[in-house]
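K.L.:
heads up, no residue letters with this:
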């Protein structure tokens, strides 16, 4: 059985790597490029986008071939209904991503595609039937309506978390790959033991890492709107189907989630468009205090990996404690960055 995971990972990695070159050529021909025209775009030359197509194409081909045609090797096929919902939702995000990368859609139009993708998943029957209470150890059963609402909100939250995180070369791709690897490990623990979910997770990790080779600094291609939203979309679904392990996904993506929440809150408080990009995100602040782009990205990789790996060995109460620690780390990191930034600015005046 272990060999099927290695084969799936290797195939996804190889297809994504080769596909990235093809997508980059198509993007250049069609002039779908990210032009460095403001302070949020750190690259010096136009860079092709639409990289998410390589990841989606790789994920689709491998999950179809291995997950459906050779599913008996992992103890049964992955439910076709789940796969169809993932493929359909991903296709919707790719269409929306292409339109946004090509025509720079306004936020009120680009948000339509993630909403449609989330609705496809909810309508397929993917649900969170219960919530674990970490304080009592009990289980709260959910009605079908509340289950659908929670799944819908969760998918959109994760989708937009990876979207707003996509501000540096390889940042979203790498952290999403770490998350997928953690969910892969979680799926194989004795408490969960879901080989089908493990296969989806390791395949997604392979597709992401195959793309990361050309996406890490200095990036030769970007994820684009489709890729940045597809990453969170898949991670959200994997967290649900792997036994509702939403807490684990939150811990891996904890700092990006809290950073996104804090930035959006600031924008709303200042009566600004909450979806309009700026340099208030933590990864940009790390640049302001003197870190290079690769250093900032690797620091955030390390934090995500540490919290994600720790979550594999903890039960509900332990994860709650770890989440509180994560909040403290985030607060300390933001405070440290703010103080260093203020000191540096005073010295430069």
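P.N.:
Yep, it's here. Computed from a predicted model, the values in this text were never measured in an experiment.

K.L.:
and the lengthiest helix in the chain, how far from the chain's centre?
P.N.:
Criterion DSSP state H: the longest helix present in the chain is helix 316-348. Relative to the mean C-alpha coordinate of its chain, helix 316-348 is positioned 22 Å out (CA atoms, centre = their mean, to the nearest Å).

K.L.:
next one: stretch 94-105
P.N.:
Its chain's C-alpha centre and that of stretch 94-105 lie 19 Å apart, by CA atoms, centre = their mean.

K.L.:
and the helices in the stretch 51-200 of the chain, which stretches?
P.N.:
With DSSP state H, counting those that start in this stretch as the criterion, the stretch 51-200 of the chain has helices at 52-62, 80-103, 107-110, 112-123, 144-165, 171-187, 195-215.

K.L.:
next one: phi and psi at residue 47?
P.N.:
phi -130, psi 130 (degrees, to the nearest 10).

K.L.:
from residue 172, how far off is it?
P.N.:
Relative to residue 172, residue 47 is positioned 15 Å away (CB to CB, to the nearest Å). Bear in mind the C-beta positions are built from the backbone N, C-alpha and C, glycine included.

K.L.:
next: residue 20.
P.N.:
From residue 20 to residue 172 the distance is 15 Å (CB to CB).

K.L.:
tell me the secondary structure for residue 249?
P.N.:
Applying DSSP: H, G, I helix; E, B strand; the rest coil to residue 249 yields a three-state assignment of helix.

K.L.:
pLDDT weak spots in the stretch 151-300 of the chain?
P.N.:
Of all residues in the stretch 151-300 of the chain, those with pLDDT under 70 make up the ranges 243-247, 273-279.

K.L.:
about what we covered before: got the helices of the stretch 51-200 of the chain as CSV, with distance to residue 347 and mean neighbour count columns?
P.N.:
Converted to CSV, those look like this (distance: least, CB to CB, whole Å; neighbours: other CB atoms under 10 Å):
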stretch, distance to residue 347, mean neighbour count
helix 52-62, 41, 24
helix 80-103, 40, 20
helix 107-110, 38, 12
helix 112-123, 43, 19
helix 144-165, 30, 20
helix 171-187, 28, 26
helix 195-215, 35, 26
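
K.L.:
so which of the ones you listed gets nearest residue 239?
P.N.:
Closest to residue 239 of the helices of the stretch 51-200 of the chain, according to CB to CB: helix 171-187, at 6.6 Å.

K.L.:
ok and the closest one relative to helix 52-62, angle-wise?
P.N.:
Helix 171-187 and helix 52-62 are oriented at 20 degrees to each other (axes from the mean of the first three to the mean of the last three CA atoms, to 10 degrees).

K.L.:
helix 171-187 vs helix 144-165, what angle?
P.N.:
Helix 171-187 runs at 140 degrees relative to helix 144-165, counting by the same axes, to 10 degrees.

K.L.:
which secondary structure elements does helix 171-187 sit against?
P.N.:
The contact analysis (3 or more CB pairs under 8 Å, 6 or more residues apart in numbering; DSSP states H and E) places helix 171-187 against helix 144-165, helix 195-215, helix 224-241, helix 246-252, helix 293-311.

K.L.:
what's the offset of the longest one from the middle of its chain?
P.N.:
Read that as helix 144-165. 12 Å.
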